[in-house]
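>>> model this:
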Amino acid sequence: MTPEPATEPRRDSSPSSVSSVSSVSSAPSVHVGNAGTDAALDRGWILGHFKDPGDPRHSEDVEIKWGVHPRGDRRARWITGEERTALLVLISGRFRVELPDRTVLLTRQGDYVVWGHGTDHSWHAEEESVVLTVRWPSLPGYAVQDHPTRK
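Below you'll find the model as predicted:
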């Protein structure tokens, strides 16, 4: 079977139906893309409450971020009064997550940290880093204004 181009909507979700991810394709319930490309359009976020309701990437249950951070990048301020649970996975680089009672240093691909509801936190990229963050539920009100060390 010849793979259908990613620019055409997928109509079949069977395993034999293959789409290339070299470009974006979307149908009402399917979105094919590239995390690095799509994330650059929305401060790293590729799924969550902030996407349009008709977009399959819209969710009030979960948020997913593909974070690309230059060396020295850090969160502008601590998150306090956290109402979500989060998982942060290191894809590449060296990334520090700061929690009230400890600092977690992620150094190997696949290292991760999970923190729960009520856990204040911040972060710092010790080297150029790529991290995947999953948070739930997806809630508004946590965005921080850009600052000079953030892209």
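
>>> Tell me what the nearest residue to H69 once chain neighbours are set aside is bridged to.
Nearest residue to H69 in three dimensions, chain neighbours excluded: A125, at 3.8 Å (Cβ to Cβ, 6 or more residues apart in numbering). (Glycine included, C-beta is placed from N, CA and C.) A125 has these beta-bridge partners by DSSP bridges: F95.

>>> Please name the residues that touch A125.
69-74, 93-96 (Cβ atoms under 8 Å, 6 or more residues apart in numbering).

>>> TSV for these, including neighbour count and distance to G81?
What follows is the contacts of A125, written out as TSV (neighbours: other Cβ atoms under 10 Å; distance: Cβ to Cβ, whole Å):
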residue	neighbour count	distance to G81
H69	23	24
P70	13	28
R71	13	30
G72	11	27
D73	19	23
R74	16	20
G93	19	28
R94	17	28
F95	27	23
R96	16	22
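
>>> Between the residues you listed, which sits nearest W136?
Taking Cβ to Cβ as the measure, W136 sits nearest to F95 out of the contacts of A125, at 20.4 Å.

>>> And the helices in the chain, which stretches?
35-39 (DSSP state H).

>>> Name the residue closest to the centre of the protein, please.
K65 (0.9 Å; Cα atoms, centre = their mean).

>>> Please tell me how far that one sits from W115.
15 Å (Cβ to Cβ, to the nearest Å).

>>> Ok, E60 next?
Note on E60: its distance to W115, by Cβ to Cβ, is 21 Å.

>>> same deal with P140?
Distance of P140 to W115, given as Cβ to Cβ: 20 Å.

>>> Equivalent analysis for V104, please.
With Cβ to Cβ as the criterion, V104 and W115 are 9 Å apart.

>>> hang on, the earlier thing: does the residue nearest to the centre of the chain have any beta-bridge partners, and if so which?
K65 has the following beta-bridge partners by DSSP bridges: W45, T133.

>>> What is the neighbour count of the spatially closest residue to S92 that is not a sequence neighbour?
Sequence neighbours aside, V130 is the residue nearest to S92 in space, at 4.8 Å (criterion: Cβ to Cβ, 6+ apart). Residues near V130, counting by other Cβ atoms under 10 Å, number 20.
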